[in-house]
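[1] I'd like to go over a predicted model; first the sequence, then the structure.
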Amino acid sequence: MKNKVSFEVSVGSVNYNLLHPKSDIDKKVFYYPTFLDLYKGDKNSISSVTVEKDVETHDIRKLPSMLYKSNVNFIEVLFSRQITKRDELYNELYKLREEIARINLPYLFLACYKGMYERKMKEYDRDTSYINVFECEELRREKVNKHLMVAYRILDFLVRYAQNEFTSFASAIHYDDLIVKDKKMKEFLFSIRDGKAEGQNIYGGKVPEFMEIKRKEAEAVRGQYESKVVNRSLVSKIEKIVEEYVRQELQRELAEYDIAKM
């Protein structure tokens, strides 16, 4: 039996208002387990990548853990600006989305700084050393510049979210063209991606000064994140919500199976 989809949303550049001519279409899909999934213990995530889009599919039972771990890429699914499909489970979580974004702020900082920023900078260092080694030098430069832009953006998110005192995850990730400050930052991020930011030189093997300035800004707000406590009651609430909708879906599936056997 085919798994029923709970929700399908776009993630990435479209949510940040940073769509670039070369941006991919990224989607995340969450589905309900079937009886056979439970019987066989299947709880896998699947990624499907094509030229047109990058799609990740996940068992909905994994969502509470993903939200508790404050992976910004999964919190983002509740703030998507392009929702292809949604059910009542998604709607319930959507109502709680700003609370969910704050569920584990100490870990959110760690996940963004250690898990995303530092990883992107390692990839930047690695790929910078490959410049001129491959025939596709232009593609390599694009990749290096994108690593730097993503690293800068995630640090900027940490600063912006702290500045609004964790009241709006939505505005912290999204660059609004109608807000002068946001528009200027959007233009700067694109200049990084295009390799045109002042002080950006991928051949020098040195991290640009603007990157170090932003890193220090993020470090300055670390304490604001680390001083917050984990909202464990919300963790339990999310788990119960997801559990209830999984139970309902299994009941529906088994009822249809019984009818089919009659």
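    Yep, it's here. Residues are numbered from 1 along each chain as shown.
[2] which regions of the stretch 51-200 of the chain lie under the pLDDT threshold?
    Counting by pLDDT under 70, the stretch 51-200 of the chain contains low-confidence ranges at 51-53, 130-137.
[3] for T57, phi and psi?
    In terms of degrees, to the nearest 10, the main-chain angles of T57 are phi -120, psi 140.
[4] Does it touch V29 like I think?
    Yes - counting by CB atoms under 8 Å, T57 does reach V29; the two are 4.4 Å apart. (Glycine included, C-beta is placed from N, CA and C.)
[5] In which helix or strand does Y152 reside?
    Assigned by DSSP states H and E, Y152 belongs to helix 137-163.
[6] If you average the pLDDT over stretch 227-239, what comes out?
    Average pLDDT, stretch 227-239: 97.
[7] Which helix or which strand is home to the residue nearest to the spatial centre of the chain?
    Nearest to the mean C-alpha position of the chain, counting by CA atoms, centre = their mean, stands N73 at 1.4 Å. Secondary structure from DSSP H and E places N73 in helix 72-75.
[8] Buried residues in that helix, which are they?
    Within helix 72-75, the residues scored as buried using 16 or more other CB atoms under 10 Å are 72-75.
[9] Can you name the element that comes right after that helix?
    Counting by DSSP H and E, the next helix or strand C-terminal to helix 72-75 is strand 83-85.
[10] right, and the helix or strand after that following strand?
    Following strand 83-85 in sequence, per DSSP H and E, is helix 88-95.
[11] Quick one: list the elements packing against that following helix.
    Applying 3 or more CB pairs under 8 Å, 6 or more residues apart in numbering; DSSP states H and E, we find helix 88-95 packed against strand 5-11, helix 232-261.
[12] In JSON lines: the ones you listed, plus distance to K40.
    Shown next, in JSON lines, are the helices and strands packed on helix 88-95 (distance: least, CB to CB, whole Å):
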{"stretch": "strand 5-11", "distance to K40": "20"}
{"stretch": "helix 232-261", "distance to K40": "14"}
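[13] out of these, deepest packed?
    strand 5-11 (a mean of 21; mean count of other CB atoms under 10 Å).
[14] same for that one, what does it pack against?
    Counting by 3+ CB pairs under 8 Å, 6+ apart, strand 5-11 packs on strand 25-31, strand 83-85, helix 88-95.
[15] quick one: contacts of stretch 24-32?
    3-14, 52-60, 63, 74, 77, 84, 245-246, 249-250 (CB atoms under 8 Å, 6 or more residues apart in numbering).
[16] Ignore what I typed, I meant stretch 60-70.
    6, 30-33, 43, 45, 58, 74-75, 89, 93, 100, 103-105, 107-108, 111, 235, 238-239, 242, 245-246.
[17] same deal with stretch 187-203?
    Contact partners of stretch 187-203, identified using CB under 8 Å, 6+ apart, comprise 18, 20, 128, 131, 141, 144-146, 148-149, 152-153, 156, 175, 208-210.
[18] which of those residues count as buried?
    Among the contacts of stretch 187-203, those buried by neighbour count (16+ other CB under 10 Å) are 18, 128, 141, 144-146, 148-149, 152-153, 156, 175, 208, 210.
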